[in-house]
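# Would you be able to build a 3D model of this:
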Amino acid sequence: MSSLFSPLTIKSVTMRNRIGVAPMCQYQARDGVAQAWHQTHIGSLAMGGAGLIIMEATAVRADGRITPYCLGLWDQAQVAAVSSIVKFANQQGARMGVQLAHAGRKGSSARPWLGGAHLKAEEGGWDTIAPSHNAFDSDGTRLWKTPRAMTQDDINDIQQCFADAAQRALQAGFEFIEIHGAHGYLLHSFLSPLVNQRNDQYGGKLENRARMLMETVAKVRQVWPEDLPLGVRLSMTDWVEGGLTLDDTIQVSAWLKAAGVDIVDCSTGGATPESRGSINGGIAQQPAMAGKARRQTGIMTMAVGEITAAQQAQDIINQEEADMVLLARQLLRDPYWPRHAAKELGADVPALMPDLHKLFIGKNP
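Numbering: from 1, shown residues only. Purely as a prediction, here's the structure:
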């Protein structure tokens, strides 16, 4: 049996293989509600054979979206819309996860293909929040809003919103939650010394900067069933001098494991424009970072970043750099990549074929 196509069990959830779909923003929601686009997008990935699908960054409240077209889980209408997508994916053998997020100072933006600039109120934008009162960029060619520095009440409210969204995720049928602590969004902004300029218990030394993430995880863990897996996405380094280092995030990973987190999704960068611009030069190093975190802390890891070839993915598993590989753009190009990889690796995995009886009849014979 190919190691890439061996099952992976985390708590009570077993994935049919070690191939996961990384969360990828689609910018097609309306008022946070999933549309037919999402049904088709996720459905094709499920039929393509992925073991785990992590739905895109899903905001825990309206001002936590990156754009006005991002998914949300702050009300019941959003739960109802996504439930049928989860059910269909499960019928095709995929396990469904969702990435819960708050965009922080990178929110209120236009869709990327429209430039990604911050939106004014009359354009559908909103005020942003962050750990400190400094904008993402000072580039005079674009509007970058200055966020409001969060108060303790703001912090408490956001943490509760994550917990409430986790309960809605459970209602929708998701079996895995990933808390987004990467790429310059709100929780990463607290972690990164490039952004966090606070002088209270949430700023300064690493333990304080990690407090927002750790408290949020604790709130979610209280409401998320103990037998279902909980993950966190981290930017393992900021790629910028004075920013988060790999040693920092390995320490955070150890704290997360002790707090009940089962797996860490190991990405990098995004805290500042310089950090965001540096990420492409370092993506190939990310699986090794996942491996180091795995070895030093004992936590399970997911490797992500320019994984495009079947043997490349299998080597990451064989070398014990990660317990699962996550693909993103490659699966947009080819949602059936897992099937093609199985053929290339000589894996005998008939379970990758969609269950047409369930698809058309809705029940087993």
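# what about the longest helix in this structure?
As assigned by DSSP state H, the longest helix anywhere in the chain is helix 152-172.
# Report the mean per-residue pLDDT for that helix.
For helix 152-172, mean pLDDT rounds to 98.
# Give the next helix or strand downstream of that helix.
Remark: after helix 152-172, the chain's next helix or strand is strand 176-181, criterion DSSP states H and E.
# In a strand, T301, correct?
Yes - T301: assigned to a strand according to DSSP: H, G, I helix; E, B strand; the rest coil.
# All the helices of the protein, residue numbers only.
Here the chain has its helices, by DSSP H, at 36-48, 76-91, 152-172, 186-191, 206-209, 211-223, 246-258, 273-278, 286-297, 310-318, 329-333, 337-345, 356-360.
# Please identify the most buried of those.
Highest mean neighbour count among the helices of the chain (mean count of other C-beta atoms under 10 Å): helix 186-191, with a mean of 28. Bear in mind the C-beta positions are built from the backbone N, C-alpha and C, glycine included.
# So which elements touch it?
strand 129-130, strand 176-181, helix 211-223, strand 230-235 (3 or more C-beta pairs under 8 Å, 6 or more residues apart in numbering; DSSP states H and E).
# any chance of the ones you listed in CSV, with distance to S44 too?
Formatted as CSV, the helices and strands packed on helix 186-191 follow (distance: least, C-beta to C-beta, whole Å):
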stretch, distance to S44
strand 129-130, 36
strand 176-181, 20
helix 211-223, 29
strand 230-235, 23
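# now the ones you listed as TSV including distance to Q312 and mean pLDDT?
Shown next, in TSV, are the helices and strands packed on helix 186-191 (distance: least, C-beta to C-beta, whole Å; pLDDT from 0 to 100):
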stretch	distance to Q312	mean pLDDT
strand 129-130	37	98
strand 176-181	23	98
helix 211-223	31	98
strand 230-235	21	98
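# Of these, give the one that comes closest to A163.
Of all the helices and strands packed on helix 186-191, it is helix 211-223 that lies closest to A163, at 4.2 Å by C-beta to C-beta.
# could you say what helices and strands that closest one packs with?
helix 152-172, strand 176-181, helix 186-191, strand 230-235, helix 246-258.
# Tabulate the CA atom coordinates of that helix in CSV.
Once non-C-alpha atoms are left out, helix 211-223 reads as follows in CSV (Å, rounded to 0.1, in the frame of the first residue of the first chain):
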residue,chain,number,x,y,z
ARG,A,211,-2.3,34.3,24.8
MET,A,212,-5.0,35.4,22.3
LEU,A,213,-4.5,32.2,20.2
MET,A,214,-4.3,30.0,23.3
GLU,A,215,-7.4,31.5,24.9
THR,A,216,-9.3,31.2,21.6
VAL,A,217,-8.3,27.5,21.3
ALA,A,218,-9.4,26.9,24.9
LYS,A,219,-12.9,28.5,24.2
VAL,A,220,-13.3,26.3,21.1
ARG,A,221,-12.0,23.2,22.8
GLN,A,222,-14.7,23.6,25.5
VAL,A,223,-17.5,23.4,22.9
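# Tell me what angle it forms with strand 230-235.
Between the axes of helix 211-223 and strand 230-235, defined by axes from the mean of the first three to the mean of the last three C-alpha atoms, to 10 degrees, the angle is 160 degrees.
# Which residues outside helix 211-223 are in contact with it?
100, 131, 155, 158-160, 162-163, 166-167, 170, 177, 179, 181, 187, 190-191, 201-202, 230, 232, 252, 255-256, 259-261 (C-beta atoms under 8 Å, 6 or more residues apart in numbering).
# Swap in 7 Å and give it another go.
With contacts defined as C-beta atoms under 7 Å, 6 or more residues apart in numbering, helix 211-223 is touched by 155, 159-160, 162-163, 166-167, 177, 179, 181, 187, 190-191, 201-202, 230, 232, 255-256, 259-261.
# Is it possible to get a markdown table of the helices of the chain that adds distance to R111?
Shown next, in a markdown table, are the helices of the chain (distance: least, C-beta to C-beta, whole Å):
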| stretch | distance to R111 |
| --- | --- |
| helix 36-48 | 13 |
| helix 76-91 | 19 |
| helix 152-172 | 22 |
| helix 186-191 | 20 |
| helix 206-209 | 31 |
| helix 211-223 | 27 |
| helix 246-258 | 30 |
| helix 273-278 | 17 |
| helix 286-297 | 26 |
| helix 310-318 | 30 |
| helix 329-333 | 16 |
| helix 337-345 | 26 |
| helix 356-360 | 32 |
